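1. Turn this into a structure:
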Amino acid sequence: MQNRDNSIHIKEVLTVRERLLFIKFAEQLYKGADNFVPPLRRDELDRLDPKTNPAFSYCTATLFIAIKENRVCGRIALIENRKSNLIWGEKRVRFGWFDFEDNLEISQALLNRAEEWAKERGAQIVSGPHGFNDIDAQGLLTEGFQNSSTTFTLYNFDYYARHLEAAGYRKEAEWSQRRLVVPREIPKKLESFSSIVLERYNLTIAQVSNRKERLKLGREMFEAYNESFKDLYCFNPLNKDEIEKAVNQFAGIVNPHFTCIIKDNSGQVVAFAITIPSLSHAFKRASGRVFPFGFIHIYRALRRYKKIEMLMIGVKEEYRNKGLNAVIFTSINRSCLKYGVEELITYPQLEDNHAVKRLFDYYPMYPYMKRACYCKDLITVSLSEL
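-> Below you'll find the predicted structure:
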């Protein structure tokens, strides 16, 4: 890694040490940035390791770091998601973990390498920030820099979009996050309508009493998640191994009091909403590390309910526009009142996903953050044209 001049060198990450440098770069870049919430290093290492991330069964990924004056000054992960490409009938390469100092030479060098890597695989489009699947954080922050990032979303400086646009990238998809101030009482019409919907469609709200039942219900919920999200931008369904990993990952932080999973009369999950106590402050206190003391901050945060964050919400297609949002929000509102929750921050919702946005119609919502994925069409030349 010796590099004594001022030129920028793009190096493929090949060793465990280099992978750790790749992960730690974000911590260094955002040091002192109050609204950046660092992901846990352990989770990042796990996600980027083919031995521990089931998504590598259908993805190929390569990590690169930018080096200038013998120090890391940028990074990017490139992912070829073969399953998503097959589902959507396209040749796309994703980029993620894209961070860099405010220097156009650095960002352009990383993006140039990304485009070369994509062309080597016959890709016709490069887009990001994405992860391996929709469980991973995605979307470049474009508005709301003054707010603290939520626990499992990306944060970036405001110069990122300018760098992408300078390289010829355009917005392809946009998400918004909104803030809900929890009302001090459940709207009577909402509560009444909720009861009518449950009775009319013979639905029940699932109850769990132990961890084994919670894991089983989690697997069923992710099966419904696959169906509910199938038509959304770049979505590819989770396989059984990914579902198992996600269920175990979230089992320790999901609070049953702040979840609402609705089943039909055959026992199938038809709608769900999963929220957790906000871990943003705890993750910042932990500085990306669970040990030696990070777990203490996380443990305490899981028992503080002033602010909660929504991880996901969905309704199967055949149950949309039938009032299940009334059931979901009556249930969650009831728990919020019981445990003293004051505000809820939604997860990023696609701007054109009107079905999900309508789920929040019963409450006044306030803008919190906006995100976007950027893409660039690649010009490829076949051997016959040379």
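
2. And the helices in the stretch 201-350 of the chain?
-> Counting by DSSP state H, counting those that start in this stretch, the stretch 201-350 of the chain has helices at residues 211-228, 240-251, 280-286, 294-301, 324-339.

3. Mean pLDDT, distance to residue 144 and mean neighbour count added to these, as JSON lines?
-> From N, CA and C alone the C-beta is placed, and that goes for glycine too. Output for these, formatted as JSON lines (pLDDT from 0 to 100; distance: least, C-beta to C-beta, whole Å; neighbours: other C-beta atoms under 10 Å):
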{"stretch": "helix 211-228", "mean pLDDT": "91", "distance to residue 144": "26", "mean neighbour count": "18"}
{"stretch": "helix 240-251", "mean pLDDT": "92", "distance to residue 144": "25", "mean neighbour count": "16"}
{"stretch": "helix 280-286", "mean pLDDT": "87", "distance to residue 144": "13", "mean neighbour count": "19"}
{"stretch": "helix 294-301", "mean pLDDT": "80", "distance to residue 144": "21", "mean neighbour count": "16"}
{"stretch": "helix 324-339", "mean pLDDT": "91", "distance to residue 144": "23", "mean neighbour count": "21"}
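
4. give me the low-pLDDT residue ranges for the stretch 251-386 of the chain?
-> Along the stretch 251-386 of the chain, the model assigns pLDDT under 70 to residues 293, 354-359, 361, 380-386.

5. 90 instead, please
-> 251-258, 281-305, 313, 320-321, 323, 325-326, 329, 349-365, 379-386 (pLDDT under 90).

6. Residue 218 against residue 247, yeah?
-> Yes - between residue 218 and residue 247 there is a contact at 3.9 Å, judged by C-beta atoms under 8 Å.

7. follow-up on the earlier one: of all the helices of the stretch 201-350 of the chain, which lies closest to residue 62?
-> Closest to residue 62 of the helices of the stretch 201-350 of the chain, according to C-beta to C-beta: helix 240-251, at 20.5 Å.

8. which residues touch the closest one?
-> 43, 53-55, 57, 133, 135, 211, 214-215, 218-219, 222-223, 238, 274, 311 (C-beta atoms under 8 Å, 6 or more residues apart in numbering).

9. got the angle for it vs helix 211-228?
-> Using axes from the mean of the first three to the mean of the last three C-alpha atoms, to 10 degrees, the direction of helix 240-251 lies 120 degrees away from that of helix 211-228.

10. from the middle of its chain, how far away would helix 240-251 be?
-> 15 Å (C-alpha atoms, centre = their mean, to the nearest Å).

11. Not including adjacent chain positions, what is the nearest residue to the residue minimising distance to the centre of the chain?
-> Residue closest to the average C-alpha location in the chain (C-alpha atoms, centre = their mean): residue 137, at 2.6 Å. The shortest distance from residue 137 to any non-neighbouring residue, by C-beta to C-beta, 6 or more residues apart in numbering, is to residue 154 (4.6 Å).

12. Is it correct that that neighbour falls within a strand?
-> No - if the criterion is DSSP: H, G, I helix; E, B strand; the rest coil, then residue 154 is coil and not within a strand.

13. what's residue 76 sitting at in phi/psi?
-> The phi/psi pair for residue 76 (degrees, to the nearest 10) reads phi -160, psi 140.

14. Look up which residues are beta-bridged to it.
-> residue 64 (DSSP bridges).

15. Next, residue 231: phi, psi?
-> Torsion angles, degrees, to the nearest 10, at residue 231: phi -100, psi 0.

16. what's the distance between it and residue 316?
-> Residue 231 sits 12 Å away from residue 316, taking C-beta to C-beta, to the nearest Å as the criterion.

17. These two - which one has more neighbours?
-> Neighbours were counted for residue 231 and for residue 316 using other C-beta atoms under 10 Å; residue 316 has more, 18 against 10.

18. how's the chain carved up into domains?
-> What automatic domain parsing lists as the domains of the chain is 8-176+373-384, 184-362.

19. Who's the closest spatial neighbour of residue 159, skipping the chain neighbours?
-> Nearest to residue 159 is residue 102, by C-beta to C-beta, 6+ apart, at 4.9 Å.

20. Confirm that neighbour sits in a strand?
-> No - per three-state DSSP, residue 102 lies outside any strand segment and is coil.

21. Enumerate every residue touching it.
-> Residue 102 makes contacts with 157, 159, 163, as judged by C-beta under 8 Å, 6+ apart.

22. If you rank those residues by neighbours, which is first?
-> Most crowded among these, counting by other C-beta under 10 Å, is residue 163 at 21 neighbours.

23. ok, and the closest non-adjacent residue to that one?
-> Per C-beta to C-beta, 6+ apart, closest to residue 163 is residue 107, 4.1 Å.

24. Check what pLDDT the one you found gets.
-> For residue 107, the pLDDT comes out at 98.

25. That one contacts residue 113, correct?
-> No - the pair residue 107 and residue 113 does not pass the contact test of C-beta under 8 Å, sitting 11.0 Å apart.

26. Tell me which helix or strand residue 374 sits in.
-> strand 365-377 (DSSP states H and E).

27. Could you pull out the strands in the protein for me?
-> 8-12, 59-68, 71-81, 92-100, 125-128, 140-143, 170-181, 204-205, 259-263, 269-277, 307-315, 343-345, 349-350, 365-377 (DSSP state E).

28. and of those strands, who's closest to residue 28?
-> Distance to residue 28, taken as C-beta to C-beta, is lowest for strand 71-81 among these, at 7.8 Å.

29. chain center to the closest one: distance?
-> On C-alpha atoms, centre = their mean, the centre of strand 71-81 falls 18 Å from that of its chain.

30. List the buried residues of that strand.
-> The neighbour-count check on strand 71-81 (16 or more other C-beta atoms under 10 Å) flags 72-81 as buried.

31. Out of those, name the two that are farthest from one another.
-> Farthest pair in those (C-beta to C-beta) is 73 and 81. Separation: 27.4 Å.

32. pretty sure residue 227 is in contact with residue 317, am I right?
-> Yes - using C-beta under 8 Å, residue 227 is in contact with residue 317, at 7.3 Å.
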